[in-house]
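Student: Pasting a predicted model and its sequence here:
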Amino acid sequence: MPKEFTYRGHTVQQLMKLSSDEFIKLLPSRQRRSLTKGLTSEQRKFLEIIRERRQKGGPPPETHCRDLVIFPEMVDMTVSVHDGRAYIPLKVTPEMIGHYLGEFAPTNKKVIHGNPGIGASRASMYVPLK
């Protein structure tokens, strides 16, 4: 039997029953400070869309709000987060609670340099061609 996930001693069902103020008190300091300042209008609209889609269903909501903290009500939903180029579908799991959405949609890839081609530089004339 798999162990049930708990966040700071609370199960996901208990977290969903908490008010937002009570949930904010459980978060680490950085997330707690950003949420006590209040949500931006864009973040507020996105949370309303999430609540609406949770009840009615529909396509996964898309957002540019990479700085939004993941709330318990987002668990088991798919959210599309923008990475600067495209929307990355993100399946929210209980382990993601308290993290930012942007942490799971990387904005850059590792640079992999290839071999120099013909005419790339003066040094490439000494590279043997196959």
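Tutor: Nice, I can see it.
Student: show me the biggest helix of the protein in terms of residues.
Tutor: When every helix of the chain is counted residue by residue (DSSP state H), the longest turns out to be helix 41-56.
Student: Which neighbouring elements make contact with that helix?
Tutor: Counting contacts by 3 or more C-beta pairs under 8 Å, 6 or more residues apart in numbering; DSSP states H and E, helix 41-56 is packed against no other helix or strand. The C-beta positions use only the backbone N, C-alpha and C, and glycine is treated the same way.
Student: Give me the residue at the spatial middle of the chain.
Tutor: residue 101 (2.2 Å; C-alpha atoms, centre = their mean).
Student: Pull the contacting residues for that one.
Tutor: 63, 65, 66, 67, 68, 70, 79, 81, 90 (C-beta atoms under 8 Å, 6 or more residues apart in numbering).
Student: Against residue 14, how distant is it?
Tutor: When C-beta to C-beta, to the nearest Å is applied, the distance between residue 101 and residue 14 equals 23 Å.
Student: so after the longest helix of the chain, what's the next helix or strand?
Tutor: strand 62-63 (DSSP states H and E).
Student: what lines up beside that following strand in the sheet?
Tutor: Listed by DSSP bridges, the sheet partners of strand 62-63 and their directions read strand 78-82 (parallel).
Student: can you give me the end-to-end distance of stretch 81-91?
Tutor: Using C-alpha to C-alpha, to the nearest Å, one end of stretch 81-91 lies 10 Å from the other.
Student: Which residues in that stretch does the neighbour count mark as buried?
Tutor: By 16 or more other C-beta atoms under 10 Å, the buried positions in stretch 81-91 come out as 81, 82, 83, 87, 88, 90.
Student: just the angle between the longest helix of the chain and strand 78-82, please?
Tutor: For helix 41-56 against strand 78-82, the angle by axes from the mean of the first three to the mean of the last three C-alpha atoms, to 10 degrees is 160 degrees.
Student: Before I go, just wanted to say thanks for your time.
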